[in-house]
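*Asks:* Dropping the sequence and predicted coords here.
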Amino acid sequence: MRNSFSILIKGAFAALFMCLAGAVWAQQATFSRQDLEIKSGDKTHKFTVELALDDEQRMQGLMFRKEMAPDAGMLFDFGDTRRVQMWMENTILPLDMVFIEKDGTISSVHADAVPYSRDIIDSKTPVHFVLELNAGRAKALGIKPGDKVVSKQIGNAS
């Protein structure tokens, strides 16, 4: 009798796990991709980024990702210009966050955001977009405030 109860409990836990895993998988947002350039001085850095355009996509962001190509990233479009606050809960990858004004001008860069941290990363000034890159990319490429981000999503690509 005890063995049957143990099997029943294990089966119930397995079923619960599968239901929860299915619910989480069903909630995974999908992202379209777009080419993006950062013009820094006389250099142009090219990236292919995923677009986070709605609340579901922005909430998910790069959470749970274990790797990202060096020339990849995610562009968050907030739909209006405002002060933005981000955090890294459930984000495995260390990231650089590039805060971008509506015209594509970089207003600030937050380097090396700590994985899993709940600390708020604040744009400090109104921005329209945030670009997340692998940690260290902004410094390695010399990306800084005043540089220009160019893409169709920002609306300044020719």
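*Replies:* Good, I have the coordinates. Residues are numbered from 1 along each chain as shown.
*Asks:* Break the chain down into its domains, please.
*Replies:* The record's domain parsing of the chain by automatic domain parsing lists 1-30, 31-151.
*Asks:* which of the ones you listed sits most buried?
*Replies:* Of the domains of the chain, the one with the most neighbours on average (mean count of other Cβ atoms under 10 Å) is domain 31-151, at a mean of 17. Where C-beta positions appear, they are placed from N, C-alpha and C, glycine not excepted.
*Asks:* how long is it from one end to the other?
*Replies:* Terminal residues of domain 31-151 lie 16 Å apart, using Cα to Cα, to the nearest Å.
*Asks:* Centre of the chain to that domain, how far?
*Replies:* 7 Å (Cα atoms, centre = their mean, to the nearest Å).
*Asks:* And the average pLDDT for it is what?
*Replies:* The predicted model gives domain 31-151 an average pLDDT of 97.
*Asks:* which residues in this protein form strands?
*Replies:* 33-40, 43-52, 72-82, 85-86, 95-100, 106-113, 121-122, 127-134, 148-151 (DSSP state E).
*Asks:* Mind putting those into a markdown table with distance to Lys66?
*Replies:* A markdown table is the format used below for the strands of the chain (distance: least, Cβ to Cβ, whole Å):
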| stretch | distance to Lys66 |
| --- | --- |
| strand 33-40 | 19 |
| strand 43-52 | 15 |
| strand 72-82 | 13 |
| strand 85-86 | 20 |
| strand 95-100 | 13 |
| strand 106-113 | 16 |
| strand 121-122 | 21 |
| strand 127-134 | 12 |
| strand 148-151 | 26 |
